[in-house]
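Visitor: Here is a sequence with its predicted model. Questions after.
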Amino acid sequence: MSSILVESPGLLTPVQDLGRLGFGTIGVSPSGAADPVSLRLGNRLVGNDEGTAALEMTLIGGAFALPDGAIMALTGSDFGAQLDDFDIAVGTSVEVRPGQTLRLGPTRSGARCYLCVQGGIAVPPFLGSASTHLLSGLGGFEGRALRKGDVLQIGLTNVPFRRRTIAPRVAESLSERKVFRVTRGPQADWFDESSSRAFLMATFRVGEQSNRMGIRVEGAQIAQSKKASMITEGVSLGAIQVPPGGSPIILFVEQQTTGGYPKIANVISADLHRLGQLRPRDEIRFELVTFETARAILIQQEGMLASPESILE
Amino acid sequence: MSASITDEVRFQPASDQSLLVYFGERISLETHERVRKFLRLLESEPIIGVRNLHPAYCSVLLDFDALKMTHDELQHALTARLARIDELPLPEPRQLEIPTCYGGEFGPDLDDVASLHGLTPDEVAELHASAAYVVYFLGFVPGFAYLGGLPKAIATPRLASPRRNTPPGSVGIANDQTGVYPFDTPGGWRLIGRTPIAMFRPDRSDMSFLSIGDRVRFTPISPERFAALKSA
């Protein structure tokens, strides 16, 4: 088996795939890639199934020695990657010769960059998934982010190298957007008129405390008009909950499965992957759409991704 | 005769890929049993496209594939199943014990809880260990059970600011709920004791020590017994 030697792990680099679904009844949230669209495209560039396990780098990338070589691709944000001394681009497959070293630096665009290798990162599955749940220390590589000196195994593969790139049309449509489309939350009517307006008018700044569990945003103070206390209930990915302090929290991939704060809105499915590219201090806004529109946008986006022309050979 | 279940259930879209089903607006054993029956119903007759279930006190959130169905289609499929919910038998609940060492380093908030209620720490521990609890649901993190049935005399609000770290096995109180932290996570519940039992065991087929519907008691143990059970 080929391996990857972690010379430097970067800021926070866990193994992720598309997460584990179906274990909400025992409190296990799906976890998985923060930007699943980038993970899926990266896997297609190297000839893997879309949901194959890869490395998710956060804000600052690492350095990885590849003693046996590999077929790899980087997707998501540009972390200034170099293979030995040559710059390599995001969104294209690359053949690594045995003994070469991949080095990445601080991000030049969004929060996350995915390193996909043909064959995938081989880790024992937990509840059917290779994804790491950092808070509980479950899944992935020893339930944690990578450390210097870790040795990862690459899954067996013998598919010949093909030069593939993400179609410019696809890359363009997935590029950063600072307006997140939302649908009404289950407690939207707990908020008074002026708070609801402020929520949609204000520019919010992503807080430093944001992580894979939740993205904190600060801007307008959102006050509840209804003073009733809520009974804890199930919460969905991308739910925008408003604690008594008035600063919203967007529940993210390592979310709690239930929560007791009212939800004013929910980020639409088609925009969830963009949440994974938000950096602290980024400025965002919210735009309200109907459930029908949200679904139409998702169908359109998935249709584009499913098309064979989304990857150029 | 109570009204038909389908009249009492309320549906609420939570996102473009999830639907909340409310079985009541108040925490009660009757509502809890409907939540359990609903989960059993979906286990025995799964709906294609439903990807995840998040049960809670009075509701279940269903996460579904929006490419496969709409809220209306899911609601329609559920309504057909819900008509049969009251016919479903529920298995006898399991009875489980959680050995717990109260106070001291194991329960750093026990003294505060006692003084808030004008009780001694021993009285708080006795009251906590005297009650029979119900696992209403699991949520928050893997294996975290929300237990109802806490004696009113020791119901205590959460800490004003949550702890950054909570030792695994910590037994906490939040209002009229109690629960055990399975992992070292941030947490705002007041910690009155700790159990040596692992609440989440990824190496076992029954990963979570507690399941929805279980009946639970806390049994006081000494620090020596805690150490012995911990190393066992």
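Guide: Received it, and whenever you're ready, just let me know what you need.
Visitor: alpha carbons only for contacts and neighbour counts from here, please
Guide: Will do.
Visitor: which phi and psi does the residue of the stretch 151-300 of chain A found nearest chain B have?
Guide: Residue of the stretch 151-300 of chain A nearest chain B, by C-alpha to the nearest C-alpha: A:Gln256 (4.3 Å). Backbone geometry at A:Gln256, expressed as degrees, to the nearest 10, gives phi -60, psi 150.
Visitor: Quick check: B:Val180 vs B:Tyr136, distance?
Guide: Distance from B:Val180 to B:Tyr136, counting by C-alpha to C-alpha, to the nearest Å: 13 Å.
Visitor: So for those two, which residue has more residues nearby?
Guide: B:Tyr136 (29 against 26; other C-alpha atoms under 10 Å in any protein chain shown).
Visitor: returning to what we had before: which residues are in contact with each of B:Val180 and B:Tyr136?
Guide: B:Ala145 (C-alpha atoms under 8 Å, 6 or more residues apart in numbering or on different chains).
Visitor: Which residue is the nearest non-sequential neighbour of the residue of the stretch 151-300 of chain A closest to chain B?
Guide: Nearest non-adjacent residue to A:Gln256, counting by C-alpha to C-alpha, 6 or more residues apart in numbering or on different chains: B:Phe140, 4.3 Å away.
Visitor: Give me every residue in chain B lying close to chain A.
Guide: Selection of chain B residues close to chain A by C-alpha under 8 Å from any C-alpha of the partner chain yields B:12-18, B:20, B:26-27, B:51-61, B:63, B:66-67, B:137-144, B:183-185, B:202, B:208, B:211-212.
Visitor: are any of those buried, and which?
Guide: B:12-18, B:20, B:27, B:51-61, B:63, B:66, B:137-144, B:183-185, B:208, B:211-212 (16 or more other C-alpha atoms under 10 Å in any protein chain shown).
Visitor: how about the helices in the chain?
Guide: Unless you meant another one, I'm taking chain A. A:36-45, A:168-174, A:193-201, A:272-275, A:291-306 (DSSP state H).
Visitor: Chain B, not that one
Guide: Remark: helices assigned in chain B by DSSP H are B:5-8, B:29-44, B:71-82, B:110-117, B:121-130, B:223-231.
Visitor: OK, contacts around B:Val180?
Guide: Here B:Val180 is in contact with B:Phe144, B:Ala145, B:Pro168, B:Gly169, B:Ser170, B:Val171, B:Gly172, B:Arg194, B:Met199 (C-alpha under 8 Å, 6+ apart).
Visitor: That one - nearest residue in space that isn't next to it in sequence?
Guide: B:Val171 (4.4 Å).
Visitor: Next one: that neighbour, what pLDDT does it get?
Guide: Reading off the confidence values, B:Val171 has pLDDT 98.
Visitor: List the contacts of it.
Guide: Counting by C-alpha under 8 Å, 6+ apart, B:Val171 makes contact with B:Thr100, B:Gly107, B:Thr178, B:Gly179, B:Val180, B:Tyr181, B:Leu191, B:Ile192, B:Gly193, B:Arg194, B:Thr195.
Visitor: Looks like the residue nearest to A:Gln256 contacts A:Gly259 (just checking).
Guide: Yes: using C-alpha atoms under 8 Å, B:Phe140 makes contact with A:Gly259 at a distance of 7.1 Å.
Visitor: Let me know how buried A:Ser307 is, in neighbour terms.
Guide: 9.
Visitor: Quick check: the gap between the residue lying closest to A:Ser310 once chain neighbours are set aside and A:Ile311.
Guide: Spatial nearest neighbour of A:Ser310, excluding adjacent residues (C-alpha to C-alpha, 6+ apart): A:Ala167 at 5.1 Å. To A:Ile311, A:Ala167 is 5 Å away according to C-alpha to C-alpha.
Visitor: now do A:Val46
Guide: A:Val46 sits 11 Å away from A:Ile311, going by C-alpha to C-alpha.
Visitor: list residues touching both of those two?
Guide: Counting by C-alpha under 8 Å, 6+ apart, the shared contacts of A:Val46 and A:Ile311 are A:Arg164.
Visitor: Neighbour count: the two, which is higher?
Guide: Neighbour count, other C-alpha under 10 Å: between A:Val46 and A:Ile311, A:Val46 has more, with 30 against 20.
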